[in-house]
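Colleague: fold the following for me, if possible:
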Amino acid sequence: MTTTTYDVHIISTLDDLSRCHTFSVDQFNWGGDYRPTTCGRLGYLPDTGFILEMTCQEADPCRTYLHDGDPVYLDSAMEAFFCFAPEEENPCYLNFEMNANGAMLACYGRSRQNRMPFSVEHRQGLLCQANVLQDSWSIRLTLPLTLIEAIYPNISLEDGSRFTCNFYKIKESEGLTHFASFAPMQAPEPDFHLPEYFACARLLS
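Modeller: Numbering: from 1, shown residues only. Alright, predicted model coming up:
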């Protein structure tokens, strides 16, 4: 189990995101020489959902895939996984994997196998925006409250609410292959689908 924690502030506007705590994706659990600097911020905007920004200091990132649902983890990708019912046995968790084209692989399920894509209805308000600069690239993910409530119908998000999450930087294909996480993970081979190692997150005003 992880001991990593992250406080997620309840914000009033998108501008407030710049004042949220920064996390670093710097746990290279499976070694490797290529280790791009990656960090991010997560905030919660009531009645809207979670806003995530991640930035990687990486020039000319691999970005082959163009469409949602493509295997963007073969490109240079940044990822966010969330579990909003961590107290359950074998809980459902959400994964959002994004490349520098803004293409996103988004699914939910209880394990690495048999993951389900979100329906068109669920995806309303789910948005990934990417920005590529000379020496870095970034993404902004809007994770709508309506999607979370569809998967977790009994959820209540307020000051003091807790959930779990982890953030990743990855490239699975050959050439600058790497696997990094925010919360450290223990597994013999690269595997991000291990919710027992997600960080403990808490909503704060």
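Colleague: which residue ranges of this structure form strands?
Modeller: Per DSSP state E, the chain carries strands over the ranges 5-10, 22-24, 38-45, 49-56, 77-83, 93-99, 104-109, 116-117, 127-132, 137-144, 162-171, 178-181, 199-204.
Colleague: for the second one, name the packing helices and strands.
Modeller: To tie it back to what came earlier, the one meant is strand 22-24. Packing partners of strand 22-24 (3 or more CB pairs under 8 Å, 6 or more residues apart in numbering; DSSP states H and E): strand 38-45. Bear in mind the C-beta positions are built from the backbone N, C-alpha and C, glycine included.
Colleague: which other helices and strands does the strand it packs on contact?
Modeller: strand 5-10, strand 22-24, strand 49-56, strand 77-83, strand 162-171.
Colleague: which among those strands is found nearest to residue 34?
Modeller: strand 162-171 (8.2 Å; CB to CB).
Colleague: what strands flank the closest one, and is each parallel or antiparallel?
Modeller: With DSSP bridges as the test, strand 162-171 is paired with strand 77-83 (antiparallel), strand 178-181 (antiparallel), strand 199-204 (antiparallel).
Colleague: quick one: buried residues of it?
Modeller: 163-171 (16 or more other CB atoms under 10 Å).
Colleague: before we move on, what about stretch 13-29?
Modeller: So for stretch 13-29, counting by 16+ other CB under 10 Å, buried means 17, 20, 23, 25, 27-29.
Colleague: off-centre distance for that stretch?
Modeller: 11 Å (CA atoms, centre = their mean, to the nearest Å).
Colleague: need the strands paired with strand 162-171 in CSV (columns: mean pLDDT and distance to residue 150).
Modeller: Formatted as CSV, the strands paired with strand 162-171 follow (pLDDT from 0 to 100; distance: least, CB to CB, whole Å):
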stretch, mean pLDDT, distance to residue 150
strand 77-83, 98, 14
strand 178-181, 98, 27
strand 199-204, 98, 19
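Colleague: thinking again about what came up before, so can I have CSV of the buried residues of stretch 13-29 showing distance to residue 67 and pLDDT?
Modeller: Output for the buried residues of stretch 13-29, formatted as CSV (distance: CB to CB, whole Å; pLDDT from 0 to 100):
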residue, distance to residue 67, pLDDT
17, 27, 97
20, 30, 97
23, 28, 98
25, 25, 98
27, 30, 98
28, 29, 98
29, 30, 95
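Colleague: let's have the helices and strands packed on strand 38-45 in CSV, adding distance to residue 131.
Modeller: Below are these laid out as CSV (distance: least, CB to CB, whole Å):
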stretch, distance to residue 131
strand 5-10, 22
strand 22-24, 18
strand 49-56, 9
strand 77-83, 12
strand 162-171, 16
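Colleague: of the strands of the chain, which is nearest residue 62?
Modeller: Here strand 162-171 is closest among the strands of the chain (CB to CB), at 6.3 Å.
Colleague: would you mind getting the angle between that closest one and strand 93-99?
Modeller: Angle of strand 162-171 versus strand 93-99, following axes from the mean of the first three to the mean of the last three CA atoms, to 10 degrees, is 30 degrees.
Colleague: neighbours of residue 118, how many?
Modeller: Number of residues near residue 118 (other CB atoms under 10 Å) recorded here: 18.
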